[in-house]
Every structure is written in C-alpha cells, then in structure tokens.
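Peer 1: missing the sequence, but the structure's below:
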C-alpha cells in the first residue's frame, strides 16, 4: 500500500540568508563599478604615450594592431591583473556553441635554476591556439584538422573573473580556423560593424553631418529567465539534461491572475539579484532594471545601451553570472526559451540602434519627426531591410528551443513585421500622398484628479506582439531567444541595415548627379521605399489569426519552424549579401547553416531519448505501482475504486503505447545528413514526444503526489 507521509528529503530547504555583503550605493559608484575591468583610462596610465596613442588608434579608429606594442601592453595587463589577485589568464571567446569558451594558463613560469617567475608575453596576448576541431565548425574543421587561433580583440576590454579561490584575467578574443574562416560569433559581428560604419557615415555626409568619426550600432539586451529551487531541479532529469520540463500537468493556477508581473520580488530572489548586480557592476556592465516577469518564477534583468560588440560580450557575462550565482542561494537559473509549458516562455529582447561616436542617435525622431528627414531616411532604410530580409531575421533566431515561443500565444510570431506606431506610419503615408506634416500629435495625459501630474504622452502606443518594434529611438527585436547569443542577431541587423542605407544613399546621389536637389531626391527615395516595402509594417495584434491571413495576402514569409528558417539561410540573396559586405563568405555561411541544423537535431534527439527514459523508468512504473496498490485494496462494490482503476489503467496503456511509438522514431534518424535528421525530428519525433507527454500529464492528475516520482509545476513555479 502507498503512504501519504511527507518525504522531507524531497522538499526545498528553508533558506534564511545571512551575512550577504552589500556595498553601499556610493561604493558602487565610486569604487565598485568597472573595478574588475582594464578600462581605457587604467591602460592609459600604465602605458607610455607612444604605445597608448598606437593602441588608441586601434580602439578608436579601427587601425591595425601594431605588433611592436604587444609586449608593453601585455606587461601592463599582467601587472594590473596580478594586483587584482589573478593567477591565470585566458583567451575568452565565443564559439558557435552559443556560449563562451576559455582555457586557463598560469602566469607562473619555471626557470632553469628551479625557481619561478611571472610571465605574460606579447605573443600570448595577441594569439592563442585552441583545438578548432572540438568546437562546432560546420565542416570547416575536421577531427584531423585541429589547428585554430584566438586573436586579441583590443576594442573589448580585458576583465577579471573571480571564483571561490582566486581570479582569472579574461581577454576577449576572436576565434578562427587555420585557414582563416570565422569559427565564432565575434568575428562576423566586428566585420558587420565595419560595414555599417562605412554605409552610415557616407549617408550622413549627404545630410551635411560631419561632426563624427564613425557610426556604430548600439544595443541594450533584456534578459528573461526562470528560477527554480535546486532541490526540485536535481529531481528532474529533464531539466538537468535538456533545460526544460518534458512533462508536467498544468496546475490549477498559473499566470491567469496576472499578479506576478512587476509584483513584489521575493526576498530570497531579490538578495540573489542584488548579488548578481554587484558582480556585474564590477565587470562594468551597466545593469539598470530588475523585475518580476509575467509567469510565476520568471524574472528579467536589463542593462542600458552600449556599443554592440561590448554589449554582446557583456550579455554572455550576464548569463554566466546569473547561472553561477543562483547555486549560492539554492536556486537554479533556467534560460531555456520554454522551460514550462502553458505559461510564458523567455526571450532576450534586443534593442538596437545606430549612433555616431559623438552620441548622435540616427534613430532619434526628435520633437518633430515629420521635419527630421535624416531620421526618416534611416527609418526607411530599416523598413526596406526588414522587408527584404525577413528570412534572415527569422533564421538568426532559429532554434529548437525558440520554436516553443515563436508563433505561440505569448511571443512575436514567426512572421517578421515592423511596428512603427500611428505617428510614424501617418508621416510616411503623408509623404507618399504629398500632404506633408503630421496629423498625429503627442501631448499631456490627464489622469482625472488635480493631485496627479499631467504625464507627457507619446504620439504612438507600444506593441509587444511585434517581432521588430520601433520604441521611440530604437528598434526592439523581440524574437531573440533567451538562451541564444545576441551576436548573430546583431550581425544580421548591422549587415542588412548597411545594405539598405548604401542603396538608398546611392539612389539619392544618382538623382543629384542629374541636377535634382538633395531635398527632392530624398523625398522621392522615401516615397519609393515606403511604396515598395510598406507591406512589412503592421501595427495590430501580431498574435491574431487574422494577421496570419493578412500576412499571407501581403506575401510575407511565415517560417513556422526553425527547420523552415534554417533552410533559407544559404539562399542566393543571403550569400550575395554577406559576401559582398565582407561579413561571411559563402563557405562560412554554409558552415553556420550546418551547425544550426546539427544543433537542432541533437537538441530534439536528446529531448526524445530523455522523454523515453523518464517515461519508462519513472512515470510508467509509478502508474503500475499505483494500479497494484488499487488492485490490492480490500474494498468491494466501490464505483470510485472501479472508476479510478479504469482511468489509471487506460492512461497507463496510452502512455505505454506512446512510448513504443517514440522508441521507434528515436531509432529511425531519418537519414545520414543533419538536414534529413532535422526534418525527421520535426515531422516525426516531436509529435511522438507530444503524445507521450499528453499521456503522462494525464496520469499525473490521477496518481497520488506521494507516488509521482518528479516534482510538479505546482511546486516548482510557486516555491520562492
């Protein structure tokens, strides 16, 4: 017989946090912020004037690194790092796994006399040599072709990563193969920044704007995540192996009451957040916002804008700090896009803009956007870029895990569109019609009582259902998944923006050569861009079925699954785009497609085998044990007993049958190439997994909690 006694070993610990160090606000500002970063000012003070000028030329103007200064810079870097307690250094890079990689080397070097010295050479600073064949390469490196290189990126500052027993100097680097192809996310990002700078700088000069040296993309990345108690996590094989729950009956309460979003942050969670923030401040990461997100157990952290290369590096550090710190508090940080079915998943909203090095935001409308023709030019370029490259924007966020969000009733749909808002849409329509001016006004919003202030009211609303929304002075790319690197998304945005800016500027120049005034040429270009590409603008509900039908009428792509999107990546249009921009060669682009397919196949294959394993060894045995207990119950003529036995037996049979079908699909991989295997995973394995889950979740509602072998949603989501 089963027992209803509580098993306290399965319950979370009652955390009472004590002695958590909390720097004062003044310490954060004056001493903590960027204290573990080798800032430009710190470097300047440690280098001779000629060396500093040479290095500054690389950082500020993109000049080639002078190898002759490497020894001096390396000595300064080592001295600073050892003063900070570092004993090792590492080339910190971002392979195509989507996370970071590092190999630690000690500063300690033995000498011939049996003693030791601290040493860090210029060559060790500039170049490392990890095993390139052990990382995803999409065929660029075979197992017997192991050589690869990491190359120092001087535009992203070195920093100190601390651990429980010391510290390590981390040097941001790019990662390439022996044959020169990019094997990482940083290299194409840096290339795309060069491309964008050239296009936007030339366009700005048409407007007579010359008070700048370069144009860069800027980013602020919002990170959503879940926290679960570590005790629950350790008892969930699916969470440990796949990052998401493959089983779980929907509890009576989820997010329906809408009381978690922006609610009071639990003390344990807030203490964890504060710890994370102080570590991030020390790394110079300007985190600004923290709050509860929509789903129970879901939270968000967001920094302010930075130059996109540094923002991408910092975003990786944010994920690392969030994950590592959670364990101190008996928590586990989940960054899977959909760790729990039936409630909101997590995204990584990529806020993107363009700005000069003097601080001029090219996507700032100003007080009168209908008069700000420069802004309208760059806005039109983005409309053109997104319409032309819908497939690329969808492909750069494609993954097996993000498929659980995109197209669902909580996140931007798989259809790419732009939200401009009423005011901007009205302005473009008036330009096309020749009316001029703007009919949509901002103003003050009265709240109906004299004790409350009149609030400045924006001329347009916000739209959280749009995958690419204009939000005042930037575009918010909301389709990026919470577990993904933002670098590929930024690379795509930089590259497609540069192409459109270059093309629109070229048209203006050609019209001016025919004696047309700049103003007249610009208006014609804006009209043409809107007329051709306005189909991509949608200001309504992106979740509605009506929009799906409307998008189809407009001829917009609806790439519902990652497999559909990844298929598009190496189309002729995209190969030409990246090749001509010098961002990715055809071979590098094909390699990325191969890696994405490989990751898709392996992700679902691991999930499917975990589903079968848990179903056969945990869930089905629990059902059979309960049936045995029921059958041995000494009760006669009980409709409740007979009904329960019948329900549990039927559900157990359904689960058993579903597991058999899943086993067949798991053994049949669908082909030899990762393309074929990915299609098999999508078309056959995922449906089989869905059937197993449906049967298991039905059983969870029938079997006593004491016998159910894994923590349920009602525990994991609501224990704080």
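Peer 2: That came in fine, so what should we check first? Remember, predicted model here, so these are calculated numbers, not experimental data. Numbers count the residues shown, from 1 in each chain.
Peer 1: okay, residue 452: pLDDT?
Peer 2: On pLDDT, residue 452 comes in at 48.
Peer 1: Is it correct that residue 343 is in contact with residue 295?
Peer 2: Yes: in terms of CB atoms under 8 Å, residue 343 counts as a neighbour of residue 295; the distance is 4.1 Å. (Glycine included, C-beta is placed from N, CA and C.)
Peer 1: Show me whatever sits in contact with both of the two.
Peer 2: Common neighbours of residue 343 and residue 295 (criterion: CB atoms under 8 Å, 6 or more residues apart in numbering): 254-255, 717.
Peer 1: Highest neighbour count among the residues you listed?
Peer 2: Neighbour tally across these (other CB atoms under 10 Å): the maximum, 24 neighbours, falls on residue 717.
Peer 1: Look up which helix or strand the closest residue to residue 688 other than its chain neighbours falls in, please.
Peer 2: Spatial nearest neighbour of residue 688, excluding adjacent residues (CB to CB, 6 or more residues apart in numbering): residue 662 at 4.2 Å. According to DSSP states H and E, residue 662 maps onto helix 639-667.
Peer 1: before we move on, what about residue 50?
Peer 2: helix 49-61.
Peer 1: List the buried residues of the helix or strand following that helix.
Peer 2: Moving toward the C-terminus from helix 49-61, the first helix or strand encountered (DSSP H and E) is helix 70-83. By 16 or more other CB atoms under 10 Å, the buried positions in helix 70-83 come out as 70-78, 80-82.
Peer 1: re earlier: give the other helices and strands that the helix holding residue 50 contacts.
Peer 2: With contacts taken as 3 or more CB pairs under 8 Å, 6 or more residues apart in numbering; DSSP states H and E, helix 49-61 sits against helix 40-46, helix 70-83.
Peer 1: quick one: contacts of the first one?
Peer 2: Surrounding helix 40-46, the residues in contact under the criterion CB under 8 Å, 6+ apart are 52, 55-56, 59, 73, 76, 79-80, 157.
Peer 1: I'd like the mean pLDDT over it, please.
Peer 2: 92.
Peer 1: That helix: which residues count as buried?
Peer 2: For helix 40-46, by 16+ other CB under 10 Å, it's 42-43, 46.
Peer 1: burial measure for residue 552, as a count.
Peer 2: Using other CB under 10 Å: residue 552 sits among 12 other residues.
Peer 1: no no, residue 208
Peer 2: 8.
Peer 1: Could you check the pLDDT of it?
Peer 2: At residue 208, the pLDDT value in this model is 91.
Peer 1: so it, which of the three states?
Peer 2: coil (DSSP: H, G, I helix; E, B strand; the rest coil).
Peer 1: Neighbours of the closest residue to residue 528 other than its chain neighbours, how many?
Peer 2: Counting by CB to CB, 6+ apart, residue 507 is the residue found nearest to residue 528 once chain neighbours are left out, at 7.7 Å. If you count neighbours by other CB under 10 Å, residue 507 ends up with 16.
Peer 1: Repeat that for residue 296.
Peer 2: Residue 296 has 25 neighbouring residues, counting by other CB under 10 Å.
Peer 1: so who does it touch?
Peer 2: Residue 296 neighbours (CB under 8 Å, 6+ apart): 254-255, 260, 343, 717-718.
Peer 1: Could you report the distance from it to residue 251?
Peer 2: Counting by CB to CB, to the nearest Å, the separation of residue 296 from residue 251 is 9 Å.
Peer 1: Need the residues touching each of the two.
Peer 2: 717-718.
Peer 1: if we can go back for a sec, pull the most distant pair out of the buried residues of helix 70-83.
Peer 2: 70 and 82 (18.3 Å; CB to CB).
Peer 1: low-scoring stretches of the stretch 1-150 of the chain, by residue?
Peer 2: 1-21, 142-145 (pLDDT under 70).
Peer 1: Against which helices or strands is the helix holding residue 662 packed?
Peer 2: helix 586-614, helix 620-631, helix 686-700.
Peer 1: and the ones you listed as TSV, adding mean pLDDT, mean neighbour count and distance to residue 473?
Peer 2: Below are the helices and strands packed on helix 639-667 laid out as TSV (pLDDT from 0 to 100; neighbours: other CB atoms under 10 Å; distance: least, CB to CB, whole Å):
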stretch	mean pLDDT	mean neighbour count	distance to residue 473
helix 586-614	97	21	31
helix 620-631	95	16	55
helix 686-700	97	20	40
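Peer 1: which residues touch residue 163?
Peer 2: Listed by CB under 8 Å, 6+ apart, residue 163 has no contact partners.
Peer 1: what sits opposite it in the beta ladder?
Peer 2: residue 166 (DSSP bridges).
Peer 1: any idea how far it lies from residue 484?
Peer 2: From residue 163 to residue 484 the distance is 26 Å (CB to CB).
Peer 1: same thing with residue 296?
Peer 2: For residue 296, the distance to residue 484 - CB to CB - is 24 Å.
Peer 1: Residue 28 now?
Peer 2: For residue 28 relative to residue 484 (CB to CB), the value is 30 Å.
Peer 1: One more: residue 645?
Peer 2: Residue 645 is 47 Å from residue 484, where distance means CB to CB.
Peer 1: Of the two, give the one with the bigger neighbour count.
Peer 2: Neighbour comparison, residue 645 and residue 484: the larger count goes to residue 484, with 24 against 16 (by other CB under 10 Å).
Peer 1: is it true that residue 684 touches residue 669?
Peer 2: No: at 10.0 Å, residue 684 and residue 669 do not qualify as touching, with contact defined as CB under 8 Å.
Peer 1: Of those two, which one has the most company?
Peer 2: The neighbour count for residue 684 versus residue 669, taken as other CB under 10 Å, is higher for residue 684 (19 against 16).
Peer 1: show me the contacts for that one.
Peer 2: By CB under 8 Å, 6+ apart, the contact set of residue 684 is 665, 668, 670.
Peer 1: secondary structure class for residue 252?
Peer 2: Residue 252 - assigned by three-state DSSP - is coil.
Peer 1: re the thing from before, now do the helix or strand where the residue nearest to residue 528 lies: distance to the chain's middle.
Peer 2: Under the criterion of DSSP H and E, residue 507 resides in helix 487-513. Taking the mean of its C-alpha atoms, helix 487-513 sits 25 Å from the chain's own mean (CA atoms, centre = their mean, to the nearest Å).
Peer 1: Next: stretch 659-666.
Peer 2: That offset, for stretch 659-666, works out to 33 Å (CA atoms, centre = their mean).
Peer 1: give the contact list for residue 655.
Peer 2: Residues near residue 655 by CB under 8 Å, 6+ apart: 615, 619-620, 623, 692, 695-696, 699.
Peer 1: what's the distance between residue 308 and residue 642?
Peer 2: For residue 308, the distance to residue 642 (CB to CB) stands at 65 Å.
Peer 1: Neighbour count: the two, which is higher?
Peer 2: Ranked by neighbour count (other CB under 10 Å), residue 308 and residue 642 place residue 308 first, with 30 against 12.
Peer 1: Surely the more buried one and residue 492 touch.
Peer 2: No: Residue 308 is beyond contact range of residue 492, at 11.8 Å (criterion: CB under 8 Å).
Peer 1: From the centroid of the protein, which residue is nearest?
Peer 2: With distances taken as CA atoms, centre = their mean, the residue of the chain nearest its centroid is residue 484 (3.9 Å).
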